[in-house]
Every structure is written in structure tokens, then in C-alpha cells.
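Student: I'll drop the sequence and a predicted model, then ask my questions.
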Amino acid sequence: MIHILNIGMNHETAPVELRECLAMETDGITEALAFMRTMPSIKEGIFISTCNRVESICTTENPEEAKSAIISLISLLGDMNEERFISNIYILEGMEAVQHIFRMASSLDSMVVGEPQILGQIKAAYSQATKEKTAGVILNRLMHKAFHVAKRVRSETGISDAAVSISYAAVELAKKIFYELDGRKILLIGAGEMAELAALHLKNQGVSSITVANRTFERAIRVADAVGGTPVSFEEIDSQLVDVDIVITSTASPDYVITYEQVKGTLRKRRNRPLFFIDIAVPRNVVPKVNDIDNVYVYDIDDLKGVIELNRAKRQQEALKAERIVKEESIKFEKCLKSLAVVPTIISLREKAETIRQTEIRKSLSSLNGLNPTHVRIIETLTQSIIDKIMTDPILLLKQKADRPSRDMYLDMARKLFNLDQNHNEGGTDEYQ
Amino acid sequence: MGILIFRFALILVLIATGGFLVYVIKQEKFIYRWAYRILLAGFVCHTIFLIQQYYILGVAPVITLKSALAFFSWTIIGAYLVCHLKFRLMVLGSFLAPLAACLMIISTTIPSVEITVKPIFRSVWLTIHVGTIFTGNGIFALTFIAAIMYLIQEHHIKKKKFGSFYIRLPSLQTLDMVNHYSLMYGFPFLTIGMITGAIYAQYALGSYWRWDPKEVWSLITWLFYATLLHERLAVGWRGRRAAMMSIIAFMVLIFTFLGASLWLSDYHSFRSLESQSIP
């Protein structure tokens, strides 16, 4: 019996320091996929790594072995002992895993619920897995279903409005302050998904440059690559404040990153040009008092939410709707997965019949001399339709029982009746195609 | 004849003002376009009236308070029409047109008196003096209105209130630009007006500067605007502080225009301008 296994950590279970150890580029993912491929217990695998999460998805027949394999993979990738992260990971199996993957793709599990970037990141991870040929039949189905769920959630609920409209509100506000965004400069402090999204939104409006500052310079480089900006060190923020027009902050810092004195000091050098802070971080990165300075405007995430006036009750309703879609689709997927379980038996059944037919035809044809090709073709068709007719009912029955509890009994019976396991020494569930 | 044209101009300006106000509520562009056209027609009528008056009197028609208010209103509308060509700020009309209309209405309520223009007023210096000063005033009215709009919008953005003003008012940057440019263009007019005034005073009265209250207050007004312009250009004042300052400066300007002329001044007062004798 095949199992779907999902082991990962996200912004809720793991602190940023830990996630950072595992944040990696495509090369790192290639390495992870290669590792999965060498593990005999893992049949198929996908590896996802973003700023806010690390997820490994795999299929296995031996969940216990696969679990320890994935854990050793994480400790290898992060170059750390198991004890350091073992309490921060979640291990999900079967339908729990499926639901989690669906929720993740639908952005219900994101830090900012409804932000659309996660879907793109999952798609990229999946396409890499298909390229590296670690994704097989089950994961193909699973991921396509996940994309389908995400699409449904986005189109049928208003859950993504919240996130998108935060960026939208930021753009609108910026336009009320600056009129045009052409030639304006952005400073991005920290690397939240939402902040990146807002920066990209502003960029689409003609912002001329994006500068990215981060405590870890490597991450600054990474985010700068993603948004098409230039990385700077955290110490350069002061000098950057003189130049830029819009600052988006989203660090995980528990203390304020931008202080009153800091902004007050730069304003003279800026010749009082307006400065717009968009503080997406929770807890906030910009001292609220900064808003009192002339020509400086500070908006935190709640202010922006105020702009879009999306009330809490409505959002919760939308979330409920989205969760319902996820449940619905995971039940459907479960069905589809179970029907996959009968496929190997059906295939071996057909194969057995076909082998018998081929052998018998070979025997008969050798004693039937002088047949012209037309006759041979007729015999081929005749025998083919005989075995098809005989096989139709057993196959139909197996398919019907695919999502019933009695499925395994019928499978067992079929294999015994037709003596499938003696002739074909396959594990039964290895191959699906 | 002249009065009729003026009345007609007033009616057009009132209709346009109504249109601008409806526009700001309904946000329908075609209303704005028609209001703008009607305002332009009103402005043309008003211009014809002023030309006719100039021909009759032989001097810029600003000698009585009645005509001065009408002329002020004409320069405000003129300044707005020119500004519209550059900034295309529709909502500005909704603020400026009522101001101009108000001045015109006040002007009509003042009873007209028959005046005979003293020969000494028939001077090209006086015409330039009056024309430039009033043009400056008209442009500064624009600075003033833009400053008020800036403060309203700034208040909404700072306090995070997103009401109907927030939606309808233009961006802070735009309003600050209007404030900046109108200040830059208005200031030379005011300066030239004061210089030509001094030249005319020398020519007509025999001295450049007579410490007349209106002269003193004009100088104070000029100093206010000069300071504001300097702070803007050299120090980099902008936004709220510049807006506050331009509102204060305009208040001083209005006091100079009305207060100093009505109560303080001696030879600049409308009473003395209307009367026969020269002090």
C-alpha cells in the first residue's frame, strides 16, 4: 500500500533562524531530490523551499523508513543535528498530508493568508521535480489536484482579495502622496512574502529602483534577485533613507528597525521630500511616532487593511468557504488515489490474459499452415475480443470496489483467482503505467 | 451696456460654479467639461466688460471697491484657466470658482457711484501697477486654495481617514506643485507691481515711498511671500509647513487689499481714489 508523506516546517512551527538554514536555491533542491532518489524507501519526491516554509512531499510503501530518510535529509541540508529541528517539524501522512498540501497551495497556510506567490513557488518546485524525474504518477495527480484546488479557492472565495488588495491599497496610497510612481525609489527591509509582493506591485507602476536590505546579506541578495533590485547591508539603511521615497519593512525583528530620530535626521538631507513607510511587519518595524513628522507617512498592516475595509467577519467566512473546498477536494482525491490502488491488479490481470493469448496463438499458428494474412488478423481480433469480454466484468467490479473498505479483499481474491502473484513477481504496486 | 455684460458674465460664472460643485459630488467628467466651458465663456464676457470699462475710464477699472473686487475675481479665474492648461486639475475649479463667484457677487451688491477719473490716473504706470498687482493677487489666490486643499488631504492621509475628500482630492505631490508654481509665478508680478507703483508715485506724487499704510502692508505682504519663496527654494520647505505659510501670507494679502484700503490708508483708499482731490 502506497502512502503520501509530508514532512516540513513553516513560519508557525519554526523560527526564521531555523528556516533560514534550510532556505535554498534550485541547486539545493536538486541535491535534495537526488538524495530522495537514492533512498529505496522513497518512491517519488518533491522538495519546496521558500522564505516561510520548507516542505518535502514523497510517496512511500514504508512510511517509517521514509520518515527517517527525510529527517536525515533535512539535517544534511541544514548541516545540523536532528535535535535542533525535530520539535519544529510536522509529519503528516495520508489524507492529512493531502489536505495540508491543498491548504498550502491555496495560500491558506501562508503568513499572509491569500498571498498568491506561494502557488508559483510550489509550481516551480513541482516542475523541477518533474524535470529531475522524481515526481511520478501519484505526485503528478496530487500536485495537479492541488493547483486545481488553489484555482477554485481563488475564484470561488474572496480570500485572495485581502492580500492582493493590501498591495493595491499601498499603491493607491502611494499615488495619493506622490501622484506618479515613475522614477520613485523603494527600499525593502526584510524579506516577507507580502513585502516582496507589494514591491513588485509598485514596480509595475513604474518605480525606478528597488533596494533590498536584510540582516543576512545572502538573503538580501536572494530577495533582490526575486524583485530585480540591488542588495545592500543592514547598516546602509541610514544612507538609503536619504534617497528613497517608499520604504517597505517586513523584518521579523521584535524591536523597531526604524526610529523617530533616524527619520527626523534624514529629513533635512532629503530636503523634506515626502517619505512613505509601509510597515507590513508584525510586530511593527517602524516607531508609530514617525507618522507625526511632517512629510512622513507611516502605514502599518492594520492601516492598510483599514484602507480596503475588509471586515473580519467576511474574511472568516471566506476562510470557511476555502476550507470547505479543500476538504471536498481532498475527499475526491482520496477516491482517485484509491482507484489508483486497483490499477496494478487490473494491469496484471490484462497482462496475464494477453500473455496467455499470445502463447496460444503462437502454438496454434505453427500448426495452421497456409493461412493468409487476412486470416491471421481475423484470429487476432477474435481472440482479443474473447479475452476482453471475459475480463470486462472482473475489472469493472474491481474498479467499483476501489473506494470501498472491502477493496483489499476483492483485490486479494482476484489475485488468487487468477493466480497473478505467482506469474508476475512484481510488488503489485510498483508500477502504474 | 457694460453692466449688462458684467451681469451676464456673473450668471455664467455662477452656473459654472454650480457645475463644479456638482462635479465634485458626482464625479462625472462631462459635468466638469461643461462647467469649464461655461466658466471660459464667463471669463470672456468679463474680459469684454473690462476692456469696455478701460476705454470709458481710460484707466484700469479698479478705482472703486466694486470694480476692484470684480477685477480681482477676473484675475483669479484667469489664473485658474491658465493653471488648468498645465495641471489639468479638475477639482481645483470646485474650490476656486466659488471664491471668484463670491467676489463677483459682493461686487454687484455694492452700489455703483458715478466717478470722474482724475487726469493723473491716466498713466501707463498706473495701469501696469494695478494690472501686475492684481495678476499677482489672482495667482496667489491659487496658491492659497492649493494650500487649503493640501492641508485637507494631508490631514486625511495622516489620520488614515479615507472619506470622500480623500478620494476626490488630488495627490499631495500635485497640490504641493501647484502651490510651488503659483508662488513662483505670482511673486514676480507682485514685485513688478510694487516697483511700478513706486515709479508711478514718483511721477504723480513726487516721491517713491510715502509710508502710506497700504504701502507698508504691501511691503509686509511682499516680505511674507519672499520668505516663503526663499524657504521653498533654498531650504527645501514643502508640504504642510509651506501650505500653512502660504495661507498666512494670503491672509495678510487680503488684509492689505481690503483692510488697509478701507480703514487705514490715506491716498490708496477707495474713498480718496473716488474723490476729486489729491491729498
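Tutor: That came in fine, so what should we check first?
Student: Only C-alpha atoms from now on, for both contacts and neighbour counts.
Tutor: Fine.
Student: contacting residues around the closest residue to chain A within the stretch 151-279 of chain B?
Tutor: Closest contact between the stretch 151-279 of chain B and chain A, by CA to the nearest CA, is at residue B:171 (4.1 Å). Residue B:171 makes contacts with A:175-179, B:153, as judged by CA atoms under 8 Å, 6 or more residues apart in numbering or on different chains.
Student: any chance of those in JSON lines, with neighbour count, pLDDT and distance to residue A:215 too?
Tutor: Output for the contacts of residue B:171, formatted as JSON lines (neighbours: other CA atoms under 10 Å in any protein chain shown; pLDDT from 0 to 100; distance: CA to CA, whole Å):
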{"residue": "A:175", "neighbour count": "17", "pLDDT": "87", "distance to residue A:215": "30"}
{"residue": "A:176", "neighbour count": "21", "pLDDT": "88", "distance to residue A:215": "31"}
{"residue": "A:177", "neighbour count": "25", "pLDDT": "91", "distance to residue A:215": "29"}
{"residue": "A:178", "neighbour count": "22", "pLDDT": "90", "distance to residue A:215": "29"}
{"residue": "A:179", "neighbour count": "16", "pLDDT": "87", "distance to residue A:215": "32"}
{"residue": "B:153", "neighbour count": "25", "pLDDT": "93", "distance to residue A:215": "36"}
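Student: Counting only strands, which of those residues make the cut?
Tutor: Judged by DSSP state E, those include no members of strands.
Student: Quick check: residues of the stretch 151-300 of chain A near chain B?
Tutor: Within the stretch 151-300 of chain A, the positions adjacent to chain B are A:175-179, A:271-273, A:291-292, A:294-295, A:297-298 by CA under 8 Å from any CA of the partner chain.
Student: let's see it at 6 Å
Tutor: Within reach of chain B by CA under 6 Å from any CA of the partner chain, the stretch 151-300 of chain A has these residues: A:176-179, A:271.
Student: Residue numbers of the stretch 151-279 of chain B in contact with chain A?
Tutor: Where proximity means CA under 6 Å from any CA, the interface of the stretch 151-279 of chain B facing chain A comprises B:171-173, B:236.
Student: Need the worst-confidence member of those residues.
Tutor: Note: of those, the lowest pLDDT belongs to residue B:236, at 85.
Student: closest point of the stretch 1-150 of chain B to chain A, which residue?
Tutor: Going by CA to the nearest CA, chain A is nearest to residue B:150 of the stretch 1-150 of chain B, at 10.5 Å.
Student: secondary structure class for that residue?
Tutor: Three-state assignment for residue B:150 (DSSP: H, G, I helix; E, B strand; the rest coil): helix.
Student: who touches it in this structure?
Tutor: When contacts are counted by CA atoms under 6 Å, 6 or more residues apart in numbering or on different chains, residue B:150 touches residue B:175.
Student: shaky segments in chain B?
Tutor: Scanning chain B for pLDDT under 70 picks out B:1, B:264-267, B:271-279.
Student: Which residue, neighbours along the chain excluded, lies closest to the residue lying farthest from the centre of chain B?
Tutor: For chain B, the largest distance from the centre (CA atoms, centre = their mean) belongs to residue B:160, which lies 33.2 Å off. Ranked by CA to CA, 6 or more residues apart in numbering or on different chains and with sequence neighbours excluded, the top spatial neighbour of residue B:160 is residue A:303, at 7.0 Å.
Student: what's the following helix or strand after the strand or helix carrying the one you found?
Tutor: Residue A:303 is part of helix A:301-308 when elements are defined by DSSP states H and E. Following helix A:301-308 in sequence order, the next helix or strand is helix A:312-367 (DSSP H and E).
Student: centre of the chain versus that next one, how much separation?
Tutor: Mean-position distance between helix A:312-367 and its chain equals 23 Å (CA atoms, centre = their mean, to the nearest Å).
Student: Helix or strand next in line after it, which one?
Tutor: Proceeding N to C from helix A:312-367, the next assigned helix or strand is helix A:373-400, under DSSP H and E.
Student: Next, the angle from that next one to helix A:312-367.
Tutor: 150 degrees (axes from the mean of the first three to the mean of the last three CA atoms, to 10 degrees).
Student: Quick one: mean pLDDT for helix A:373-400?
Tutor: Averaging pLDDT along helix A:373-400 yields 90.
Student: and the next element down the chain from that helix?
Tutor: helix A:407-417.
Student: how about that following helix: buried residues?
Tutor: Buried residues in helix A:407-417, defined by neighbour count with 16 or more other CA atoms under 10 Å in any protein chain shown: A:407-408, A:410-411, A:414-415.
Student: what's around the closest residue to residue B:120 other than its chain neighbours, how many residues?
Tutor: Closest residue to residue B:120 apart from its sequence neighbours, by CA to CA, 6+ apart: residue B:204 at 6.7 Å. Residues lying near residue B:204 (other CA atoms under 10 Å in any protein chain shown) number 15.
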